[in-house]
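Undergrad: Can you look at this prediction? I've put the sequence above it.
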There are 2 protein chains.
Amino acid sequence: MDTNAAEDFFKNSSNFLLNVAVDNVIFGYHEKELKVLLQQPFALDKWTVTGGYIQKTESIAEAAARVAHMRTGLTGLFLEQFQSFGNPQRVKDNGFTAKHIAEVTGYDIPENSWIFDYFVSIAFYTLTEFSKVKITKSEFEAECQWWPVSELPLMMFDHELIIKEALKALRLHIAHYPIGYELLEEKFTLPEIHNLYETILAKPLDDRNFTKKLLATGIITKLNEKRQISGHRPPYLYKFNKEKYDEGLKSGVELVF
Amino acid sequence: MDTNAAEDFFKNSSNFLLNVAVDNVIFGYHEKELKVLLQQPFALDKWTVTGGYIQKTESIAEAAARVAHMRTGLTGLFLEQFQSFGNPQRVKDNGFTAKHIAEVTGYDIPENSWIFDYFVSIAFYTLTEFSKVKITKSEFEAECQWWPVSELPLMMFDHELIIKEALKALRLHIAHYPIGYELLEEKFTLPEIHNLYETILAKPLDDRNFTKKLLATGIITKLNEKRQISGHRPPYLYKFNKEKYDEGLKSGVELVF
DNA sequence: CAAATAGTGTCTTTTAGACATTATTAA
DNA sequence: TTAATAATGTCTAAAAGACACTATTTG
């Protein structure tokens, strides 16, 4: 998109739905930390979750997948719609004005551009493999990077609330469905998946009871290999039993910790 | 609204958000049956749940409450947002066209009226006292009445799916939060609340275990009165312990049956 | 053999679930 | 005394939760 095309974009929304958009809270797990992918629109000083407008030819789920793909390069993400946010004040921010954006970017944006309208946000969250994500920012973003959910930067609009609610939904989800397939390597150890659960739930889980319950579901299978780690006893590797895992996604697996 | 005002409404959406609306699945409980309030737009032959457009000055929750109040006369309803629905096909229906509506109603509606646009629906459900609802239909509806959820009429758009998903969400909700305050009279008997749970969950619940668990939560209190019913042993009356009930709404009460 | 972490079993308490008899009222 | 429905307790099985020692590797 060149500058003229970009400016046309702000004047004319003809390809997109008005007043409604999607936002994706993209979670990644890395080194015992839960992170979320944030972007900085127009080099403003606040951050937002990744999101985008809905094309007139696509469903809201398709829009969420398309937007997530643009930022991460990943397809086939498991996107879970968890809540919609809408009130006249939610996209008002003193940094998000035509004047300010023009100053920072040089774009000539009409004061009454549709992008400043009341937008209802249909919010999704997803879990992705941190290491496989190839972050691609759009021309409208200054930065796009991972942030630990426990140390978020200053957020624009109601996006801090959106992340909080996404986390709540994720923690509810984890009690009823298997998780981890998108977050761990193909082969992983019990301490690794144990850590993942502890990180997402933000509380310690007794290792004996955790292992007992997880193995009882049958969603993971022990391999005849160990991870090579020096200095102490090497842990066994496991992999997901994809059949049981997918069945659990459909019909539910109680894993209350 | 006179006819001119109505026709202006179809041409000009200026007070409302475009491409996004709210739909309310209003559940009522009556005589051991769970019912849902449906309306018949424009005297067409299909039914929809109650819904409406969002004003530019209100939040989506306020819109849902306003629309529900218009139909039922009730305020302070507990409206629970459970899912949003959006795809380009969802509001296409061969009965829902300018031509057909003009034939049935006499309104002169432009073929390209905004009401035929792609609309994302933010869906809520609520539980109300069947007997206290004073149904008020809008001028755009031929009928508005209760239907048993087990015997729905022919539904327009994706509204049958919306009701199914609302029921799913309600049944999930009932396992984690107290319910019934809006559905029963102030004083009620154990068999009555037992029946309510059986109806919503659509399965029989052992009366001894049901009573044991429900009483253990402390959300209901036994009164020193009995309901006068002739021909057999009269049941004791109970009322909700509003304090415990409200606390349960906030922090959750596990009542898994 | 010391350091570091992996791996595992038992006991207790709580909860869920199955199940049948007695109580009260009006006619 | 019969018909109708209300009220209630016990036993068993399963699950949750607390808890601590042994195993394996490297340096």
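TA: It's in.

Undergrad: Not counting its own residues, what contacts the helix or strand of chain A with the lowest mean pLDDT?
TA: Using mean pLDDT, DSSP states H and E, helix A:3-11 stands out as the lowest-scoring helix or strand of chain A, at a mean of 76. Outside of helix A:3-11, the residues that reach it under the criterion Cβ atoms under 8 Å, 6 or more residues apart in numbering or on different chains are A:1, A:106-110, A:113-115, A:139-140. Just so you know, the C-beta spots here come from the backbone N, C-alpha and C atoms, and that holds for glycine as well.

Undergrad: Quick one: mean pLDDT for the longest helix anywhere in chain A?
TA: Assignment by DSSP state H gives helix A:159-174 as the longest helix of chain A. Per-residue pLDDT values across helix A:159-174 average out to 97.

Undergrad: What strands line up against whichever helix or strand comes after it, and which way round?
TA: Toward the C-terminal end, the helix or strand that comes next after helix A:159-174 (DSSP states H and E) is strand A:188-189. Here strand A:188-189 has these sheet partners by DSSP bridges: strand A:236-240 (antiparallel).

Undergrad: right, is the helix or strand following the partner strand up against DNA strand D?
TA: Using DSSP H and E, the next helix or strand after strand A:236-240 towards the C-terminus is helix A:242-251. No. If you take Cβ under 7 Å from any atom of the strand as the test, helix A:242-251 misses DNA strand D, and the best it gets is 15.0 Å.

Undergrad: State the mean pLDDT of helix A:242-251.
TA: Mean pLDDT, helix A:242-251: 95.

Undergrad: coming back round to it: outside of the longest helix of chain A, which residues touch it?
TA: Contacts made with helix A:159-174 from outside it, assessed by Cβ under 8 Å, 6+ apart, are listed as A:23, A:25, A:27, A:36, A:47-49, A:80, A:82-83, A:85, A:121, A:123, A:125, A:127, A:149, A:152, A:155, A:179, A:197, A:200-201, A:255.

Undergrad: For the residue in the stretch 51-200 of chain A that DNA strand C sits nearest to, which non-adjacent residue is spatially closest?
TA: Proximity to DNA strand C, evaluated over the stretch 51-200 of chain A using Cβ to the nearest atom of the strand, is greatest for A:Pro191 at 3.4 Å. For A:Pro191, the nearest residue in space outside its immediate sequence neighbours is A:Pro235; the separation is 5.7 Å by Cβ to Cβ, 6 or more residues apart in numbering or on different chains.

Undergrad: Show the pLDDT at that neighbour.
TA: According to the model's per-residue confidence, A:Pro235 sits at a pLDDT of 97.

Undergrad: For it, give me its contacts.
TA: With contacts taken as Cβ under 8 Å, 6+ apart, A:Pro235 has the following neighbours: A:189-192, A:226-227, A:229.

Undergrad: circling back to that earlier point, just the buried subset of the contacts of helix A:159-174, written out for PyMOL, thanks.
TA: Paste this into PyMOL to select the buried members of the contacts of helix A:159-174, with burial taken from 16 or more other Cβ atoms under 10 Å in any protein chain shown:
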select buried, chain A and resi 23+25+27+36+47+48+49+80+82+83+85+121+123+125+127+149+155+179+197+200+255
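
Undergrad: Pull the number of nearby residues for the closest residue in space to A:Ser113 that isn't next to it in sequence.
TA: For A:Ser113, the nearest residue in space outside its immediate sequence neighbours is A:Phe10; the separation is 4.4 Å by Cβ to Cβ, 6+ apart. Each residue near A:Phe10 was counted by other Cβ atoms under 10 Å in any protein chain shown, and the total is 18.

Undergrad: and if you look at A:Ser230?
TA: Residues lying near A:Ser230 (other Cβ under 10 Å) number 5.

Undergrad: Could you confirm it falls within a strand?
TA: No. Using DSSP: H, G, I helix; E, B strand; the rest coil, the secondary structure at A:Ser230 is coil, not a strand.

Undergrad: how close does it sit to DNA strand C?
TA: Here the criterion is Cβ to the nearest atom of the strand, to the nearest Å. By it, A:Ser230 lies 10 Å from DNA strand C.

Undergrad: For the least confident helix or strand of chain A, output the C-alpha coordinates as PDB.
TA: Taking C-alpha atoms only, helix A:3-11 is exported to PDB below (Å, rounded to 0.1, in the frame of the first residue of the first chain):
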ATOM      1  CA  THR A   3       0.700   6.600   0.800                       C
ATOM      2  CA  ASN A   4      -2.200   7.400  -1.400                       C
ATOM      3  CA  ALA A   5      -3.700   4.000  -1.000                       C
ATOM      4  CA  ALA A   6      -3.200   4.300   2.700                       C
ATOM      5  CA  GLU A   7      -4.900   7.600   2.800                       C
ATOM      6  CA  ASP A   8      -7.700   6.300   0.700                       C
ATOM      7  CA  PHE A   9      -8.100   3.600   3.300                       C
ATOM      8  CA  PHE A  10      -8.800   6.100   6.000                       C
ATOM      9  CA  LYS A  11     -11.400   7.900   3.900                       C
END
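
Undergrad: Please identify the buried residues of it?
TA: By 16+ other Cβ under 10 Å, the buried positions in helix A:3-11 come out as A:7, A:9-10.

Undergrad: so can I have JSON lines of those residues showing distance to A:Gln40?
TA: Written out in JSON lines, the entries for the buried residues of helix A:3-11 read as follows (distance: Cβ to Cβ, whole Å):
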{"residue": "A:Glu7", "distance to A:Gln40": "21"}
{"residue": "A:Phe9", "distance to A:Gln40": "19"}
{"residue": "A:Phe10", "distance to A:Gln40": "18"}
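
Undergrad: Relative to the whole chain's centre, how far out is the least confident helix or strand of chain A?
TA: When distances are taken as Cα atoms, centre = their mean, to the nearest Å, helix A:3-11 is centred 28 Å away from the chain's centroid.

Undergrad: Okay, now the sheet partners of whichever helix or strand comes after it, with direction.
TA: Later in the chain than helix A:3-11, the nearest helix or strand by DSSP H and E is strand A:16-30. According to DSSP bridges, strand A:16-30 forms sheet pairs with strand A:33-41 (antiparallel), strand A:48-55 (antiparallel), strand A:120-128 (parallel).
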